[in-house]
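**Q** Quick one: sequence and predicted model below, then my questions.
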Amino acid sequence: MSPEAVEALFTRGDGSYLFARWGRPIAPVVFGVAEETLATVKGAAEAVVALAGHQMAETDPELGANLMVFFFRDWAELPQVPNLDRLVPDLGPLVERLQAAGANQYRFFRFDEGGGIKAAFVFVRMDDELAQLPAEAIALNQMVQVILLWSDRAFTDQSPLARTPEGTLVLRPEIAGVIRAGYDPVMPVMARDPAHALRLAARVGGVQ
């Protein structure tokens, strides 16, 4: 990938550059799915975390679970989740905005003192569009989008996923390369300087 293409993945709608990765092992919990789908979601998490060279954990010492994934049918269900408003600020107004926009997914991140991701909340409203997709596609897509703090525009035009000629669902090689490069131990946990994209791009070329 060119440095410009990598930079675009972390350049937000307001023009600012912001990269962040997880600064602690990921301890996921999933709500609102059947047992077989739960295995699919956790399998996707394990695959993406392994790709990054990061770690998973049974629990987070501070938060218990630090990656919470919610599947539901209606945004109105979220305010009814006990104590969720303590974890996600302004939950009521947020739900109203998401309802008005007809959104089917939303991700909210919390950060540690060093700017690394310390918690993420993934909300997936299973509308007619998502209901037509395989569970593995939804799960893998969400895990890819939560392993790094991508731009809010990163995947609006093209999914991070693709299918092989045999029909196997995979992560696009260039996106996999960016994830691996972003978790290189010599790279910072958080960066706001666009020059960071040059270092990422150089490593993407080296790890593919």
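**A** Yep, that arrived.
**Q** how about the CA coordinates for the top strand by length along the chain, as CSV?
**A** Taking DSSP state E as the criterion, the chain has its longest strand at strand 117-125. Taking only C-alpha atoms (Å, rounded to 0.1, in the frame of the first residue of the first chain), the coordinates of strand 117-125 have been written out as CSV:
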residue,chain,number,x,y,z
ILE,A,117,-7.5,1.3,23.4
LYS,A,118,-8.6,0.0,26.8
ALA,A,119,-12.2,-0.9,26.0
ALA,A,120,-14.5,-1.1,23.0
PHE,A,121,-18.3,-1.4,22.7
VAL,A,122,-19.7,-2.8,19.4
PHE,A,123,-23.4,-2.4,18.7
VAL,A,124,-24.9,-4.3,15.8
ARG,A,125,-28.5,-3.8,14.9
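**Q** Could you pull out the buried residues of it?
**A** The neighbour-count check on strand 117-125 (16 or more other C-beta atoms under 10 Å) flags I117, K118, A119, A120, F121, V122, F123, V124, R125 as buried. Backbone N, C-alpha and C define where each C-beta goes, glycine included.
**Q** Other residues contacting whichever helix or strand comes after it?
**A** Downstream of strand 117-125, the first helix or strand assigned by DSSP states H and E is helix 128-131. Helix 128-131 has contacts (C-beta atoms under 8 Å, 6 or more residues apart in numbering) with N104, Q105, V124, I138.
**Q** List the contacts of the last one.
**A** Taking C-beta under 8 Å, 6+ apart as the definition of contact, the neighbours of I138 are V124, L130.
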